[in-house]
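A.B. asks: Sharing a model that was predicted from the sequence below.
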Amino acid sequence: LPARTAAKSLTRGNMGKADLRIDWATAEAARYACINWHYSRCVPVFKCVRVGAWENGQFIGVVLFGQGATPEIGSPYGLHGTQICELTRVALQSHKTPVSRIVAVALRFLRKQCPGLKAVVSFADASQGHHGGIYQAGGWLYLGGAETHAYRVNGVNVHPKTLHSRYGKGGQSVPWLRANVDANAARIVAGFKHRYLMPLDDEMRAKIAPLAKPYPKRAKEQDA
């Protein structure tokens, strides 16, 4: 994902609350935020663009962008790899600014530094009780969802991308895993993820808008 390192930070007025500043974050800062402030407690295994957030001069976390779990992420929308990326982490400690606003300013920062980008995609993990409220508040388009899969290896659920990084192509083959890593390895349903997309220009929004679906409700609202 191309990005110019000599970038100016974006600052927004406090609007009676907190002064928000968005700028690049170091790998160390991103790792700390992900491990301490994100429910997954881990950093994505693939390369990321790290955008940091500060309130009144205090570091409050990161918004990470990257290629995501699949290189074909842009195919359904007619986009190639350098035109689309995935918002892979929003890892924040206690803060006053709404998350949707932090993400929106981070997107503007990213768009300014990467003018070739056409869209950003992100996922809300229903197994963690997430329905995508921050994306709904930010005006993202909802494109439905699907079941996700993982692998049960040595008693732990592991993402396919992680296994590929560890073992290469064999890492996503149950027979190979059973022969070389864990005799009881299995492919499992990991949960359901909602997909959201943010078009970064009017042309892309007009192209994607016909694919949009009604926003999903919170789990409690669905039960009701």
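C.D. replies: Arrived safely.
A.B. asks: buried sites along stretch 183-203?
C.D. replies: Neighbour counts using 16 or more other C-beta atoms under 10 Å place Ala185, Ala190, Lys193, His194, Arg195, Tyr196, Leu197, Met198, Pro199, Leu200 of stretch 183-203 among the buried residues. Any C-beta I mention is one placed from the backbone N, CA and C, and that applies to glycine too.
A.B. asks: can you pull the contacts of Met204?
C.D. replies: The neighbourhood of Met204, defined by C-beta atoms under 8 Å, 6 or more residues apart in numbering, consists of Tyr77, Lys118, Ala119.
A.B. asks: Tell me the one of the residues you listed nearest Val174?
C.D. replies: Relative to Val174, the closest of those is Tyr77; by C-beta to C-beta it sits at 31.4 Å.
A.B. asks: Would you mind giving both backbone torsions of Pro71?
C.D. replies: Phi and psi for Pro71, reported as degrees, to the nearest 10, are phi -70, psi -10.
A.B. asks: And it, how far from Ser122?
C.D. replies: Taking C-beta to C-beta, to the nearest Å as the criterion, Pro71 is separated from Ser122 by 17 Å.
A.B. asks: neighbour-wise, which of these two wins?
C.D. replies: Each of Pro71 and Ser122 had its neighbours counted (other C-beta atoms under 10 Å), and the higher figure belongs to Ser122 (24 against 10).
A.B. asks: what packs against the helix or strand hosting the more buried one?
C.D. replies: Following DSSP states H and E, one finds Ser122 within strand 119-125. The criterion is 3 or more C-beta pairs under 8 Å, 6 or more residues apart in numbering; DSSP states H and E, and the helices and strands that strand 119-125 contacts are strand 84-92, strand 186-199.
A.B. asks: in stretch 111-127, what counts as buried?
C.D. replies: The neighbour-count check on stretch 111-127 (16+ other C-beta under 10 Å) flags 111, 113-114, 117-126 as buried.
A.B. asks: Could you dump these into JSON lines with distance to Ala30 and pLDDT added?
C.D. replies: Conversion of the buried residues of stretch 111-127 to JSON lines gives the following (distance: C-beta to C-beta, whole Å; pLDDT from 0 to 100):
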{"residue": "Arg111", "distance to Ala30": "20", "pLDDT": "92"}
{"residue": "Gln113", "distance to Ala30": "16", "pLDDT": "89"}
{"residue": "Cys114", "distance to Ala30": "17", "pLDDT": "88"}
{"residue": "Leu117", "distance to Ala30": "20", "pLDDT": "93"}
{"residue": "Lys118", "distance to Ala30": "25", "pLDDT": "95"}
{"residue": "Ala119", "distance to Ala30": "23", "pLDDT": "96"}
{"residue": "Val120", "distance to Ala30": "17", "pLDDT": "96"}
{"residue": "Val121", "distance to Ala30": "20", "pLDDT": "94"}
{"residue": "Ser122", "distance to Ala30": "17", "pLDDT": "93"}
{"residue": "Phe123", "distance to Ala30": "19", "pLDDT": "89"}
{"residue": "Ala124", "distance to Ala30": "21", "pLDDT": "88"}
{"residue": "Asp125", "distance to Ala30": "20", "pLDDT": "82"}
{"residue": "Ala126", "distance to Ala30": "25", "pLDDT": "78"}
